[in-house]
Structures are given as C-alpha cells and as structure tokens.
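A.B. asks: the sequence and its predicted three-dimensional model are supplied below.
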Amino acid sequence: MAMMKDLYQSADWKAEKHVPVIECADTLKKGEAVTVTVSVGKQIAHPNTAAHHIAAVELYFLPNGEKFPYQIGRCEFSSHGASIQGPDTSTVFTQPVAVFSLKTEKSGVLLAGGYCNIHGAWENAKEITVV
C-alpha cells in the first residue's frame, strides 16, 4: 500500500522546476517574526497552463525536539489561463509564490510541499537557527 511519504519527490531546485524553494534568513532572533517565501520554478520556470500548473504550496515548521510539525500555511493557485471561452484563453495567470510569516523561539526545520497537477507532490526542507 502506498503512503504519502512514499509519494513526495525531491531534487535540487536549481535543476528541477517542480521543487519548492524556501527563502528566508538562516539565523533568526528569538521571538521576532521572519518572512518565508516559498516558490516553485525559481531557477527553471514551471509551465502555468490549464493543462500543466502548480496547484498549491504549503509550509510547515518542525521545532527541534518536537515530534510533530506545525502547519504555517497553505496557498492554492487558481488562475491558469482559463476563461469562459475555454482553457488558455485568458491573460490571467497565478504565479506559484507564497509569502508566510512566523515567530519561534526554537531552531528547527522548515518543510515545504508543492503540488503539480501532472507530476505530483514535491518537497524541500531548510534548517533555521534561532539565537
């Protein structure tokens, strides 16, 4: 039986257009808010058409020493060029970029997931240190 953990794919985001990229400072000050940007297609642009697009990204934070991650947020992307005239007839396209903000007093790992409607679920992680 397949499990979710077996379905996530990962790679170097500089060589694979589906991997979510996590951007924020490596070191944070305890209790201060940090902005985290999660995007897909940073180095290699991902298609954004009705037939092939990034549907969503999500961000979690797993503090050191804790068992379960906290969901920071999820962003769904809904506009991929479709209109009442049909697929790829609009000039409106959502870009797969989401900005989150969080505070923490513990170091840990940011975990990002992204979903491509053709190529499935992708993941990435970034360690952050709190001082």
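C.D. replies: That came through fine.

A.B. asks: what about residue 125, distance to residue 1?
C.D. replies: Counting by C-beta to C-beta, to the nearest Å, the gap from residue 125 to residue 1 is 25 Å. Every residue, glycine included, has its C-beta placed from N, CA and C.

A.B. asks: same check on residue 52?
C.D. replies: Going from residue 52 to residue 1 by C-beta to C-beta gives 29 Å.

A.B. asks: compare those two (neighbour count), which wins?
C.D. replies: Each of residue 52 and residue 1 has its neighbours counted (other C-beta atoms under 10 Å); residue 52 has more, 13 against 3.

A.B. asks: in a helix, that one, correct?
C.D. replies: No - according to DSSP: H, G, I helix; E, B strand; the rest coil, residue 52 belongs to no helix; its state is coil.

A.B. asks: excluding chain neighbours, what is closest to it?
C.D. replies: Leaving aside its sequence neighbours, residue 52 sits nearest to residue 118 (C-beta to C-beta, 6 or more residues apart in numbering; 5.0 Å).

A.B. asks: and the pLDDT for that neighbour?
C.D. replies: Here the pLDDT value assigned to residue 118 is 95.

A.B. asks: I'd say it and residue 49 touch.
C.D. replies: No - at 10.2 Å, residue 118 and residue 49 do not qualify as touching, with contact defined as C-beta atoms under 8 Å.

A.B. asks: who has more neighbours out of those two?
C.D. replies: Relative neighbour count places residue 49 above the other of residue 118 and residue 49, with 13 against 9, counting by other C-beta under 10 Å.
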